[in-house]
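> With the input below, show me the fold.
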Amino acid sequence: MAKLAIKSDNQNQIMLFPPSLDELIPSNHVVRIVSAVIDRLDISEIMSTYKGGGNSCFDPRMMLKVLIYAYLNNIYSSRKIERMLAENICFMWLSGMSRPDYRTINYFRGKRLKNGVDAIFTQVVELLHHEGLLTLDVQYIDGTKIESSSNKYTFVWKKTIKKYDERIKHNTLALIEQIEKNHAIECEDETSAGELTVEDFTDRLERIGEKIDESELSKHETKDIKKMKEESLPKMEEYREHLEIMGERNSYSKTDHDATFMRMKEDHMMNGQLKPGYNIQISTENQFITHYGIFQRPTDTLTYISYQESFRDRYGRFSEVNVADSGYGSEENYKFMIDNGIVPYVKFNMFHVEQKGKHRDNPFLPQNLHYNKEGNYYVCPMGQHMDFVREEKRYTDSGFEQTVSIYRARRCEGCPLRGKCHKSKYNRTIEINHRLNAYKDIVRELLTSEEGMMHRSRRPIEPEAVFGQIKANGMFKRFRLKGLSGTNIEFGLKAIAHNLKKLSAMGDSRRFFERFLSLFVAICKIMRSQTCLSTFKNNLVRNHLPSS
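Next comes the predicted model:
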């Protein structure tokens, strides 16, 4: 048997010329892309947070590189980042062997990047745009919910607070009125308990104290006044603070006032529990994140307009095309898109259902009834006119005004199709939103066109694939910083890291195809097949090779 040869692994080997960290990192490693891109950015907004003077500080550009590279490698804990700076050669290379502790890392992330992360993200996207990887002319939009770092059991609900607030005000007002009646004290205020504030109750109790001596009060009255001052009034003030924090929301968390309770699909019990979180909206193009927004509303519909306005603020213009699912298809959103010259490849709720024959061939549905525009009436399947009755103004949660037209059949009694047409004991009434229907006709034509089919096929592999990379592969399912500013910093860092990782992957793909192409060129030269070479090269570049 031949002697087994084992390579030397002497841990005490002394090197005459120790290798540098730069020699140990491959030339095509993603850490080099992170460093090169961040070196090209303007970080003046981050630098403005430093006052100068005093002891020396760590280089802000180096700190930014370390944080982005950590988020790229799914490392979000400042303590783990501190450990990587002492163990991982890529982190050591980025930091130049500097070792900021976890407190310094966390302070830089939470304070220094508060106003600078948006500018950094914008510059990265503009750099990708300059390199020809993005056009910013199309947005594939979608949203997801990410859990807050707050305690999930510290919830406050508006409906409950209002109920308890009205109850305690009603009971307190009844006691005050009874005391005023017992001692013949006139009160000029004739308002309900719900209209009175804490100050109003305080003033009335002070008026009672001024006009009545304590000796004139009964034992129960003295006890009631004491209870109102020590318990009821502080409780009213607490309820008022809760309602002020909530604003237009229905809930919030005591340990993160900006977080709203939302139903999470990724709940560990798989039953969709309500947890404090944020609604994250993103736009993608070629699976790069081009824009993002943090919202407190659990639904996507009412986030669209403010999200698009923030896109315009970031880049100075709207995109030419928007592609989104039916969660964004509302009259208000369609009007905004058309008014601003945005082509709306955005589905509405019944888009897929109405494509089915069962729905399309049903003659009793309001959208399938014949409409006479000149006479402003509908015709039912029996040929009876459904005359215009009135118009109603309705308002959405955002205050948008909708106009609904009401139409009613003249006489449904004795109609042989009545059982199939409607179940009301009165004449059939339908409600039609003509402006929304006009928008739907435009959107339906766009979505069923050849370009619309292309956008519809790309939408599931654009933002949804990015969310899969971030949440499933990146394990980014819960924020670590609190508040809108903290979540904006964290998701901004994750979005930048995602874009740089995608850029690195495209570079690897380009190098693979270039090597493969050079090999094929060599083979073709040997075989003297220039025609085959030209055809293959053109097809390869057109179909597979990423643009530079």
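
> Can you classify the spatially closest residue to D42 that is not a sequence neighbour as helix, strand or coil?
Leaving out its chain neighbours, the residue that sits closest to D42 by C-beta to C-beta, 6 or more residues apart in numbering is Q123, at 6.5 Å. All C-beta spots, glycine's among them, are computed from the backbone N, C-alpha and C. In three-state terms, and counting by DSSP: H, G, I helix; E, B strand; the rest coil, Q123 is helix.

> Can you check the pLDDT for the nearest residue to T104 once chain neighbours are set aside?
Leaving aside its chain neighbours, T104 sits nearest to F58 (6.6 Å; criterion: C-beta to C-beta, 6+ apart). With respect to pLDDT, F58 has a value of 94.

> you'd agree Y407 is in a strand?
Yes - assigned with three-state DSSP, Y407 falls within a strand.

> shaky segments in the protein?
187-194, 266-271, 508-548 (pLDDT under 70).

> Mind doing that once more with 50?
For the chain, the stretches flagged by pLDDT under 50 are 512-513, 516, 529, 531-533, 536-537, 540-548.

> so what's the residue nearest to T104 up against?
Neighbouring residues of F58 by C-beta atoms under 8 Å, 6 or more residues apart in numbering: 98, 100, 104, 108.

> Out of those, the closest to K211 would be?
F108 (61.4 Å; C-beta to C-beta).

> need the contact list for the closest one.
Counting by C-beta under 8 Å, 6+ apart, the residues that F108 touches are 58, 60, 63, 67, 100.

> Now tabulate those in TSV and tack on distance to I146 and secondary structure.
TSV is the format used below for the contacts of F108 (distance: C-beta to C-beta, whole Å; DSSP: H, G, I helix; E, B strand; the rest coil):
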residue	distance to I146	secondary structure
F58	29	coil
P60	27	helix
M63	24	helix
L67	18	helix
P100	27	coil
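
> Buried subset of these as a ChimeraX selection?
Listed next is the ChimeraX selection for buried residues among those, using 16 or more other C-beta atoms under 10 Å:
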select :58,60,63,67,100
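
> Would you mind measuring from the residue nearest to Y315 when sequence neighbours are not counted to H352?
Counting by C-beta to C-beta, 6+ apart, L136 is the residue found nearest to Y315 once chain neighbours are left out, at 6.1 Å. Distance of L136 to H352, computed by C-beta to C-beta, to the nearest Å: 29 Å.

> the more surrounded of the two?
Set L136 next to H352 and count neighbours by other C-beta atoms under 10 Å: L136 wins out with 20 against 12.

> Surely the more buried one forms part of a helix?
No - using three-state DSSP, the assignment for L136 is coil, not a helix.

> Do I have it right that it meets E285?
Yes - using C-beta atoms under 8 Å, L136 is in contact with E285, at 7.1 Å.

> sorry, back to before: adding distance to Y426, write the contacts of F108 out as a markdown table.
Below are the contacts of F108 laid out as a markdown table (distance: C-beta to C-beta, whole Å):
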| residue | distance to Y426 |
| --- | --- |
| F58 | 76 |
| P60 | 72 |
| M63 | 71 |
| L67 | 66 |
| P100 | 75 |
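
> between the contacts of F108, which is closest to A86?
Checking these against A86 by C-beta to C-beta gives P100 as the nearest, at 10.9 Å.

> quick one: that closest one and K229, what's the gap?
53 Å.

> same deal with G468?
Distance from G468 to K229, by C-beta to C-beta: 57 Å.

> Let me see the contact set for L128.
With C-beta under 8 Å, 6+ apart, L128 has these contacts: 134, 288, 499, 503.

> ranges for the strands of the stretch 151-300 of the chain?
155-157, 251-253, 260-263, 274-285, 288-295 (DSSP state E, counting those that start in this stretch).

> same thing with the stretch 1-150 of the chain?
Using DSSP E, counting those that start in this stretch, strands in the stretch 1-150 of the chain cover 138-147.

> Generate a markdown table for the contacts of F58, with distance to M84 as supplementary columns.
Putting those into a markdown table (distance: C-beta to C-beta, whole Å) gives the following:
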| residue | distance to M84 |
| --- | --- |
| S98 | 13 |
| P100 | 12 |
| T104 | 14 |
| F108 | 15 |
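
> now, the most widely separated pair of the residues you listed?
Pairwise distances across the contacts of F58 (C-beta to C-beta) peak at 12.4 Å, for the pair S98 and F108.

> Just the buried positions in stretch 12-26, please.
I25.

> contacts for that stretch?
So stretch 12-26 is in contact with 31-32, 89-90, 92-93, 97, going by C-beta under 8 Å, 6+ apart.

> Can you select the buried ones from those in PyMOL?
When burial is assessed using 16+ other C-beta under 10 Å, the buried subset of the contacts of stretch 12-26 is captured in PyMOL by this command:
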select buried, resi 31+32+90+92+93
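
> And the contacts of stretch 12-26, which is closest to I294?
For the contacts of stretch 12-26, the nearest to I294 is V31 (28.2 Å; C-beta to C-beta).

> Can you pull the domain assignment for the protein?
18-115, 156-253, 355-435 (automatic domain parsing).

> for the shortest one, how far is the first residue from the last?
Taking C-alpha to C-alpha, to the nearest Å, the first and last residues of domain 355-435 lie 21 Å apart.

> again with stretch 6-13
16 Å.

> mind listing what G143 touches?
When contacts are taken as C-beta under 8 Å, 6+ apart, G143 is in contact with 279-282, 295, 300, 303, 327.

> go again using 7 Å as the cut-off
Applying C-beta atoms under 7 Å, 6 or more residues apart in numbering, we find G143 in contact with 279-281, 300, 303.

> Going along the chain, name the strands of the stretch 401-548 of the chain.
Under DSSP E, counting those that start in this stretch, the stretch 401-548 of the chain gives strands at 401-409, 429-432.
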